[in-house]
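Peer 1: compute the structure for the input listed below.
(one chain, ligands or ions: 1)
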Amino acid sequence: MKKKIIIIGGGVAGLSAGIYAARNCFDTEILEMHSVAGGQCTAWTRKGYRFDYCLHWLVGTSKGAFNNIWKETGVIDESTIVIDHEIHSETILPDGRKFVIYSNIDRWEKYLHELAPEDARSITRMCNDMRKSAYLEPFNDPPGLRSAGTYISSLFKILPVVRTIQKFGRKTCKEYFDSLNFKNPLLRDALYLSYGERDFSALVFIFMLGWFNQKNAGYIIGGSYPLAQRMLNTYIKEGGRMCFGKKVESIIVQDDTVKGVVLSDGTKTEADYVIAACDGYSTIFKMLGGKYVSSKVRKAYDKWPLFTALVQVSFGVNRKIIDSTPIINVMSPGKQLGITKLSNGYGIMNYGFDPSMAPEGKTTLVIRFESPWELWESLDEQQYKDAKEKTLADALALLEEHYPGISADVEVTDVATPRTTVRYTGVRKGAYEGFLPTSQNMMKSLDMTLPRLKKFYMAGQWLFPGGGLPPSAQTGKWAVQYICKEEGLLFKN
Ligand SMILES: Cc1cc2nc3c(=O)[nH]c(=O)nc-3n(C[C@H](O)[C@H](O)[C@H](O)COP(=O)(O)OP(=O)(O)OC[C@H]3O[C@@H](n4cnc5c(N)ncnc54)[C@H](O)[C@@H]3O)c2cc1C
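Peer 2: Numbering: from 1, shown residues only. This next block holds a predicted model:
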């Protein structure tokens, strides 16, 4: 008899768990409340335009442990086209000055030296810190299943970067920039306004650009939708069952052992194991009633800040628009956009680099900005409708500033709000990557199990501050590795 694993949630973590569980000969069922797979890794099509709500960069497009997972789950194969943008982003400051971030560090360093010769030494220091991320390599196996040899060889590999981690592991971006003591006004303003206004980990800033430099954080042509569909196809091919429109209400526990789940329609489904690959807070404090909480978990959910939810306004434009950069970040703190007073600004994304995003000769453009969940949470139906209309009108006016005359060519519009995210994915407060990676939690993670609770694992973005697709998929895999170990089975990739 095959043992049965129920997976709650068909996002990237749940799909990954499902693939590895089915491949390792478990009887698997993914219970997904929505009608499509992918969770937050999603996109929708309107009159031939695809509006993508996730993928910009996927760590692991060329090598390493994450790349192994993307290959094993069918996301990447020899036919996959990956784009590594030459320019990471362009920033426009409130007074109109422009600043560019190149993906290649040598190229960026040259640009910075030309821009700010007075900061030559600091620029070189910063770029060298970034280059060191090449020595970092995520582990293949989860904690507890790694051999001593793996730890030793990894320690040797990361030696050149240990000092950087020690030095900046608990520093914010602002503290890091302070230590570099930049003098050039444009360089200072661009970096401080973009990254220095909140407790955002310096290491994330340093290593993020390092991954682009290694061409290991590319964009997959087609974006989020095919990414999720390929995982779903792999899961089905392995023999897994995908059940849409099934919302889990609670997890059945007897004698501290998980026995199955109860759906919102009252149906009970039994299982030998449950992997919760959905919102972390809902799992721990609602489905399990807050009965299995370690002090570490309580502290995290009480104290760690979350990513601020997003509003995305998408436009289908009957005109081909070519930009040199995929993202323009316009810094405009305090500006009113619909019901949102912007904390730092908004991004304009031109998907023209991906021909699958719009019909021939047309362009998909997106304006995206942070908008706290609390602003949207308690609007009534009419207020919500008005807020969306106002947001659309303001966003279109901004687009007009960047592309004069464009309004005449806009043929499709779409507004997705924090309420859209919460309704379709259940993610707490629309926090799209979970916990914000700060100077305080950067080197921390949460356990995949809960104290005393047996036959239960968690997977997904809530286990690592910074979240994102790679750790979500990886923890799905790890959950199955732990289950195989419990069952005395040799894990198959
Ligand atoms: C706008 C945006 C841009 C992003 N850009 C990137 C990027 O460029 N690169 C990157 O790496 N990451 C990016 N992310 C983050 C990434 O999408 C998420 O971190 C990741 O998809 C989380 O996957 P997950 O499986 O852990 O959770 P989710 O995607 O939240 O999946 C959870 C699933 O569980 C289901 N569910 C919830 N509750 C229940 C229930 N009670 N019963 C049944 N099913 C339930 C949900 O419907 C959902 O399908 C972005 C996210 C957003 C929103």
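
Peer 1: next, the residue of the stretch 351-493 of the chain found nearest the ligand: phi, psi?
Peer 2: Closest approach between the stretch 351-493 of the chain and the ligand, counting by Cβ to the nearest ligand atom: Gly460, at 2.7 Å. The C-beta positions use only the backbone N, C-alpha and C, and glycine is treated the same way. In terms of degrees, to the nearest 10, the main-chain angles of Gly460 are phi 120, psi -170.

Peer 1: hang on, it packs against Gly280?
Peer 2: Yes: Gly460 is within contact range of Gly280, at 7.0 Å (criterion: Cβ atoms under 8 Å).

Peer 1: right, and Phe307 touches Arg428 too?
Peer 2: No: using Cβ under 8 Å, Phe307 is not in contact with Arg428, being 10.2 Å away.

Peer 1: quick one: Tyr351 and Ile327 touch, right?
Peer 2: No: counting by Cβ under 8 Å, Tyr351 stays clear of Ile327, with 10.4 Å between them.

Peer 1: the more surrounded of those two?
Peer 2: Neighbours around Tyr351 and Ile327, counted as other Cβ atoms under 10 Å, are more numerous at Tyr351. The numbers are 23 against 19.

Peer 1: quick one: buried residues of stretch 455-465?
Peer 2: Burial within stretch 455-465, assessed by neighbour count using 16 or more other Cβ atoms under 10 Å, is assigned to Lys455, Phe456, Tyr457, Met458, Ala459, Gly460, Gln461, Trp462, Leu463, Phe464, Pro465.

Peer 1: does stretch 43-59 reach the ligand?
Peer 2: Yes: using Cβ under 6 Å from any ligand atom, stretch 43-59 reaches the ligand at Tyr53, Cys54, Leu55, His56, Trp57, Leu58.

Peer 1: for the ligand, give me its nearest residue in the stretch 201-350 of the chain.
Peer 2: Cys278 (3.4 Å).

Peer 1: residues near that residue, how many?
Peer 2: Residues near Cys278, counting by other Cβ under 10 Å, number 29.

Peer 1: ok so it is a helix residue?
Peer 2: No: with DSSP: H, G, I helix; E, B strand; the rest coil as the criterion, Cys278 is located in coil rather than a helix.

Peer 1: Leu436 versus the spatially closest residue to it that is not a sequence neighbour, what's the distance?
Peer 2: Excluding the flanking residues, the one nearest Cys278 by Cβ to Cβ, 6 or more residues apart in numbering is Gly9, at 3.5 Å. Gly9 sits 22 Å away from Leu436, going by Cβ to Cβ, to the nearest Å.

Peer 1: the more surrounded of the two?
Peer 2: Between Gly9 and Leu436, Gly9 has the larger neighbour count (other Cβ under 10 Å), namely 30 against 21.

Peer 1: so that one makes contact with Gln461?
Peer 2: No: contact criterion Cβ under 8 Å: Gly9 and Gln461 do not qualify, at 10.7 Å.

Peer 1: intersection of neighbour lists for those two?
Peer 2: Between them, Gly9 and Gln461 share no contacting residue under Cβ atoms under 8 Å, 6 or more residues apart in numbering.

Peer 1: so Lys174 touches Leu191, yeah?
Peer 2: No: Lys174 is beyond contact range of Leu191, at 9.3 Å (criterion: Cβ under 8 Å).

Peer 1: those two: who's more crowded?
Peer 2: Leu191 (22 against 18).

Peer 1: mind checking the SS state of the more buried one?
Peer 2: helix.

Peer 1: for it, give its distance to Thr475.
Peer 2: Taking Cβ to Cβ, one finds Leu191 at 32 Å from Thr475.

Peer 1: what's the answer for Phe177, then?
Peer 2: 32 Å.

Peer 1: which one of these two is surrounded by more residues?
Peer 2: Taking neighbours as other Cβ under 10 Å, Phe177 and Thr475 compare with Thr475 leading, 27 against 21.

Peer 1: once you drop chain neighbours, what's closest to that one?
Peer 2: Thr475 sits nearest to Ala459 (Cβ to Cβ, 6+ apart), 4.0 Å away.

Peer 1: residue contacts, that neighbour?
Peer 2: Counting by Cβ under 8 Å, 6+ apart, Ala459 makes contact with 13-14, 16-17, 275-277, 448, 472, 475-476, 478-479.

Peer 1: try 10 Å this time
Peer 2: Contacts for Ala459 (Cβ atoms under 10 Å, 6 or more residues apart in numbering) come out as 7-9, 11-14, 16-17, 275-278, 280, 448, 471-480.

Peer 1: who in the protein is up against the ligand?
Peer 2: So the chain meets the ligand at 8-14, 31-34, 39-41, 53-58, 247-248, 277-279, 310, 425-427, 432-433, 460-461, 467-470, 472 (Cβ under 6 Å from any ligand atom).

Peer 1: now list the buried members of those residues.
Peer 2: For the residues of the chain next to the ligand, a burial check counting by 16+ other Cβ under 10 Å picks out 8-14, 31-34, 39-41, 53-58, 248, 277-279, 310, 425-427, 432-433, 460-461, 467-470, 472.

Peer 1: from those, which land in helices?
Peer 2: Residues of these located in helices (DSSP state H): Val12, Ala13, Gly14, Thr425, Leu469, Pro470, Ser472.

Peer 1: what's near enough to touch the first one?
Peer 2: Val12 makes contacts with 37-41, 54, 69, 73, 75, 224, 227-228, 231, 277, 459-461, 468-476, as judged by Cβ under 10 Å, 6+ apart.

Peer 1: then stretch 77-87 to PDB, C-alphas only?
Peer 2: C-alpha atoms of stretch 77-87 as PDB (Å, rounded to 0.1, in the frame of the first residue of the first chain):
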ATOM      1  CA  ASP A  77      14.900  22.100 -20.200                       C
ATOM      2  CA  GLU A  78      17.000  22.500 -23.300                       C
ATOM      3  CA  SER A  79      14.200  24.300 -25.100                       C
ATOM      4  CA  THR A  80      13.800  27.000 -22.400                       C
ATOM      5  CA  ILE A  81      14.800  30.500 -23.500                       C
ATOM      6  CA  VAL A  82      16.300  32.500 -20.700                       C
ATOM      7  CA  ILE A  83      16.900  36.300 -21.000                       C
ATOM      8  CA  ASP A  84      19.700  37.900 -18.900                       C
ATOM      9  CA  HIS A  85      19.000  41.600 -19.200                       C
ATOM     10  CA  GLU A  86      22.000  43.800 -19.800                       C
ATOM     11  CA  ILE A  87      20.400  46.600 -17.600                       C
END
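
Peer 1: got the contact list for that stretch?
Peer 2: Contacts to stretch 77-87, defined as Cβ under 10 Å, 6+ apart, come from residues 56-58, 61-62, 70-71, 74, 76, 100-104, 107-108, 212-222, 226-227, 230, 323-328, 353-354, 356.

Peer 1: need the residues touching each of Tyr351 and Ile327.
Peer 2: Both Tyr351 and Ile327 are in contact with Val366, where contact means Cβ under 10 Å, 6+ apart.

Peer 1: quick one, what contacts Lys246?
Peer 2: Neighbours of Lys246 in contact, by Cβ under 10 Å, 6+ apart: 6, 8, 10, 29-34, 261, 263-265, 267, 269.

Peer 1: in strands only, show me these.
Peer 2: Applying DSSP state E to those, the entries found in strands are Ile6, Ile8, Glu29, Ile30, Leu31, Glu32, Val261, Leu263, Thr269.

Peer 1: and the gap between the third one and Ser282?
Peer 2: Using Cβ to Cβ, Glu29 is found at 19 Å from Ser282.

Peer 1: next one: the fifth one
Peer 2: Summarising the geometry, the distance separating Leu31 from Ser282, computed by Cβ to Cβ, is 13 Å.

Peer 1: again, but for the first one
Peer 2: Here the criterion is Cβ to Cβ. By it, Ile6 lies 16 Å from Ser282.
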